[in-house]
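**Student:** Need a 3D model of the sequence below.
(4 chains)
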Protein chains: 2
Amino acid sequence: MSTDLTTEDKIKNAAREIFMKKGYAATKTRDIADAAGINLALLNYYFRSKEKLFQQIMMESLTVFFQHIQNVFNGEQTTLEEKFSLLASSYINQIREQPDIPIFILSELRARPDEFVSQMSVQTRLKDSILFDQLLEKIGKERMMEINPLHIMMNLMGLIVFPFIGRPMLERMGEVDDAHFDLMMEQRKELIPKWIMQMLE
Amino acid sequence: MSTDLTTEDKIKNAAREIFMKKGYAATKTRDIADAAGINLALLNYYFRSKEKLFQQIMMESLTVFFQHIQNVFNGEQTTLEEKFSLLASSYINQIREQPDIPIFILSELRARPDEFVSQMSVQTRLKDSILFDQLLEKIGKERMMEINPLHIMMNLMGLIVFPFIGRPMLERMGEVDDAHFDLMMEQRKELIPKWIMQMLE
DNA sequence: AAATGATTTAATCATCCGTTTAAATAAAAA
DNA sequence: TTTTTATTTAAACGGATGATTAAATCATTT
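**Tutor:** Coordinates of the predicted model:
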């Protein structure tokens, strides 16, 4: 957290790490300043307030986290299963690099109603996507009442994201260590698309 | 939040509601006192400190949330699919009554390492359960390396819990209202066991 | 009724925490 | 160099917040 970064970036990096780990309310501006190795006043000098700094980081996190969805959802050259596979792989890789990002986003989204939800998901209307059309074709109109494509989205995201959110609990329940957990996440890149396809049969 | 409850319970009810909605750090003792309609000092009189009050509520939440698991996991009269069905139904009902409980538990578990994780999951060792034996029998020894029973646990819990955690996001993505969301959760009581069974084929 | 103990209240303390200020230093422009 | 602007620092402000105190009220016992 030092070297030749600009002061602004040192603050942002430290803030991102601490916000993600502890959440907005539990994060103290002094913790950020200490972790960044800068004077406390610089935080306000560069970002005006803790709130503004948080919003900036939150927006960037949302962008990073949802940037793939848009593209994959509307890929014209990829099949359904390929889309599931792409999503599983890219998200599992991404979350491995920033393990706290899902729970961070989801819990702050809960605590700060609307503020971010609106901007995040306007981009991603399921019904307007090619994925949706492909789902319709696969499921068939007659089964549509029973199995709303949103079920499939819930399943896909749940299967990808939940293991990371529930990790401390799951590792204990299953008596697996970190290495084994990583292996399982690697397996899931192939398993999840298969499972989702089975659901559509 | 009034009537003939004891003062202690008025505080606990208010605290539970606010802790669940906002998390530990964002919850102020004065908010709890106001919501409970009691004098601020009474909180410390009955519970010593905010931290102690929180721990008590957290422990009770964990107990409630995991009490079914133990029983269902070790039911001797129920088949695999019946166990999945029981878990899905009881958890979906339970979460509907306290929608914030999953994200509350999972995010506080992250913010407060170990403190609770240890006590929570000692009770629930997957390998010691009847469910585990039934899974082994169904999956078969040869496929065990590929599909660890923990995968199935991740899937089951992810499919049940994630829709509630991601609800604000999912409702926007899928353009469904609260009533429709509830209907879908009702459908999932039957769908989830089916999906899980398909994964085992 | 008096005495004892439990509960509740108003007020205050002490610390924390986000933010600001004013001065000092460094960098850039003139 | 001198002047101006940008960055950094130490110190402090003021409100919020968890906790405590001492007195008041209520309930129970004798």
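**Student:** quick one: the helices in chain A?
**Tutor:** Shown for chain A, the helices assigned by DSSP state H span residues A:7-22, A:29-36, A:40-47, A:50-73, A:80-97, A:101-111, A:117-121, A:130-139, A:149-165, A:167-174, A:178-200.
**Student:** now those helices in a markdown table, with distance to B:Val161, mean pLDDT and mean neighbour count?
**Tutor:** For every residue, glycine as well, the C-beta is placed using N, CA and C. Shown next, in a markdown table, are the helices of chain A (distance: least, Cβ to Cβ, whole Å; pLDDT from 0 to 100; neighbours: other Cβ atoms under 10 Å in any protein chain shown):
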| stretch | distance to B:Val161 | mean pLDDT | mean neighbour count |
| --- | --- | --- | --- |
| helix A:7-22 | 21 | 97 | 19 |
| helix A:29-36 | 30 | 98 | 18 |
| helix A:40-47 | 35 | 98 | 16 |
| helix A:50-73 | 19 | 92 | 16 |
| helix A:80-97 | 17 | 96 | 18 |
| helix A:101-111 | 11 | 93 | 22 |
| helix A:117-121 | 19 | 70 | 17 |
| helix A:130-139 | 23 | 93 | 17 |
| helix A:149-165 | 7 | 97 | 23 |
| helix A:167-174 | 11 | 91 | 20 |
| helix A:178-200 | 16 | 97 | 16 |
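**Student:** For the closest residue to A:Arg167 other than its chain neighbours, list the residues it contacts.
**Tutor:** For A:Arg167, ignoring the flanking residues on the chain, the nearest one in space by Cβ to Cβ, 6 or more residues apart in numbering or on different chains is A:Phe181 at 6.8 Å. A:Phe181 makes contact with A:163, A:167, A:170-171, according to Cβ atoms under 8 Å, 6 or more residues apart in numbering or on different chains.
**Student:** returning to what we had before: for B:Leu42, which of the helices of chain A is the nearest?
**Tutor:** Closest approach to B:Leu42 among the helices of chain A is made by helix A:101-111 (26.4 Å; Cβ to Cβ).
**Student:** and of the contacts of A:Phe181, the nearest to B:Gln98?
**Tutor:** A:Leu170 (21.4 Å).
**Student:** Enumerate the residues of chain A near DNA strand D.
**Tutor:** Taking Cβ under 7 Å from any atom of the strand as the contact definition, chain A meets DNA strand D at A:7, A:38-42, A:45.
**Student:** What residue in chain A is the furthest from its centre?
**Tutor:** Distance from the centre of chain A peaks at A:Glu142, with 33.0 Å (Cα atoms, centre = their mean).
**Student:** where does it sit relative to B:Asp100, distance-wise?
**Tutor:** Per Cβ to Cβ, to the nearest Å, A:Glu142 is found 37 Å from B:Asp100.
**Student:** hmm, back to that, mind checking which of the helices of chain A is nearest B:Lys189?
**Tutor:** helix A:149-165 (12.4 Å).
**Student:** ok now the closest one, how far from the chain's centre?
**Tutor:** 11 Å (Cα atoms, centre = their mean, to the nearest Å).
**Student:** helices or strands next to it in the packing?
**Tutor:** helix A:80-97, helix A:101-111, helix A:130-139, helix A:178-200, helix B:149-165, helix B:167-174, helix B:178-200 (3 or more Cβ pairs under 8 Å, 6 or more residues apart in numbering or on different chains; DSSP states H and E).
**Student:** Which among those is found nearest to DNA strand C?
**Tutor:** helix A:101-111 (14.4 Å; Cβ to the nearest atom of the strand).
**Student:** With only the CA atoms kept, save that closest one in PDB.
**Tutor:** This file holds the C-alpha atoms of helix A:101-111, laid out as PDB (Å, rounded to 0.1, in the frame of the first residue of the first chain):
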ATOM      1  CA  ILE A 101     -17.200  -8.200  -3.200                       C
ATOM      2  CA  PRO A 102     -20.500 -10.100  -3.300                       C
ATOM      3  CA  ILE A 103     -21.400  -9.800   0.300                       C
ATOM      4  CA  PHE A 104     -20.200  -6.300   0.300                       C
ATOM      5  CA  ILE A 105     -22.400  -5.300  -2.600                       C
ATOM      6  CA  LEU A 106     -25.400  -7.200  -1.300                       C
ATOM      7  CA  SER A 107     -25.200  -6.100   2.300                       C
ATOM      8  CA  GLU A 108     -24.600  -2.400   1.400                       C
ATOM      9  CA  LEU A 109     -27.400  -2.600  -1.100                       C
ATOM     10  CA  ARG A 110     -29.700  -3.700   1.700                       C
ATOM     11  CA  ALA A 111     -28.500  -1.000   4.100                       C
END
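**Student:** just checking, what packs against it?
**Tutor:** helix A:7-22, helix A:50-73, helix A:80-97, helix A:149-165, helix B:7-22, helix B:101-111, helix B:167-174.
**Student:** can you tell which of those helices is closest to B:Val117?
**Tutor:** Minimum separation from B:Val117 across the helices and strands packed on helix A:101-111 (Cβ to Cβ) falls at helix B:101-111, 6.0 Å.
**Student:** got a list of contacts for that closest one?
**Tutor:** The contact list for helix B:101-111 (Cβ under 8 Å, 6+ apart) reads A:21-23, A:26, A:100, A:103, A:106-107, A:110, A:165-166, A:168-169, B:19-20, B:23-25, B:58, B:61-62, B:64-65, B:94-95, B:116-117, B:161, B:164-165.
**Student:** how far out from the middle of the chain is it?
**Tutor:** 9 Å.
**Student:** circling back: now render the helices and strands packed on helix A:149-165 as JSON lines, adding distance to B:Ala88.
**Tutor:** What follows is these, written out as JSON lines (distance: least, Cβ to Cβ, whole Å):
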{"stretch": "helix A:80-97", "distance to B:Ala88": "22"}
{"stretch": "helix A:101-111", "distance to B:Ala88": "21"}
{"stretch": "helix A:130-139", "distance to B:Ala88": "21"}
{"stretch": "helix A:178-200", "distance to B:Ala88": "15"}
{"stretch": "helix B:149-165", "distance to B:Ala88": "6"}
{"stretch": "helix B:167-174", "distance to B:Ala88": "17"}
{"stretch": "helix B:178-200", "distance to B:Ala88": "4"}
